[in-house]
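S.K.: Sequence first, predicted coordinates after that:
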Amino acid sequence: MNYRKKPAKPLPPLIHKTSAQAESSADAFVAANEANNVRKQSRFVFKPEVLDRVGVSYVTIWQWMREGKFPCSREVGGKVAWLESEIDEWMATRPLRKYKNAEAM
């Protein structure tokens, strides 16, 4: 057997981009970054993290799920999990707290 390394491919020459090419590559970077953010938000979040983020017990979350007030969980490898984007959306839709004498603030 020949274990000798193959020679590395030569690097492409550096090319100076025009402003239009730079803008299109910047647009491509932004699009890729947005797609990456969507991917990050669609990860599974397991029960301990959800309990920590929401700040209530699992019994309360279970009741809310049955009443349709909280996103339904999924089974992932025999564990309970939620999509992070659904939890974030639920948290963002919580009503703001109303204070007495709000005008004075």
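M.R.: That came through fine. Note that the structure is predicted; figures quoted are calculated from it, not measured.
S.K.: buried set for the biggest strand by length in the chain?
M.R.: The longest strand of the chain (DSSP state E) is strand 79-83. Going by neighbour count (16 or more other Cβ atoms under 10 Å), the buried part of strand 79-83 is 80, 81, 82, 83. No exception for glycine: its C-beta is placed from N, CA and C like everyone else's.
S.K.: C-alpha coordinates for it, PDB please?
M.R.: The C-alpha atoms that make up strand 79-83 are tabulated as PDB, following Å, rounded to 0.1, in the frame of the first residue of the first chain:
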ATOM      1  CA  LYS A  79     -37.000  12.200  25.700                       C
ATOM      2  CA  VAL A  80     -39.300  15.200  25.700                       C
ATOM      3  CA  ALA A  81     -38.200  18.100  23.500                       C
ATOM      4  CA  TRP A  82     -39.500  21.300  21.900                       C
ATOM      5  CA  LEU A  83     -38.400  23.300  18.900                       C
END
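S.K.: That one pairs with which strands, parallel or anti?
M.R.: Applying DSSP bridges, strand 79-83 is found paired with strand 44-46 (antiparallel), strand 74-76 (antiparallel).
S.K.: So which of the ones you listed is the most surrounded?
M.R.: strand 44-46 (a mean of 16; mean count of other Cβ atoms under 10 Å).
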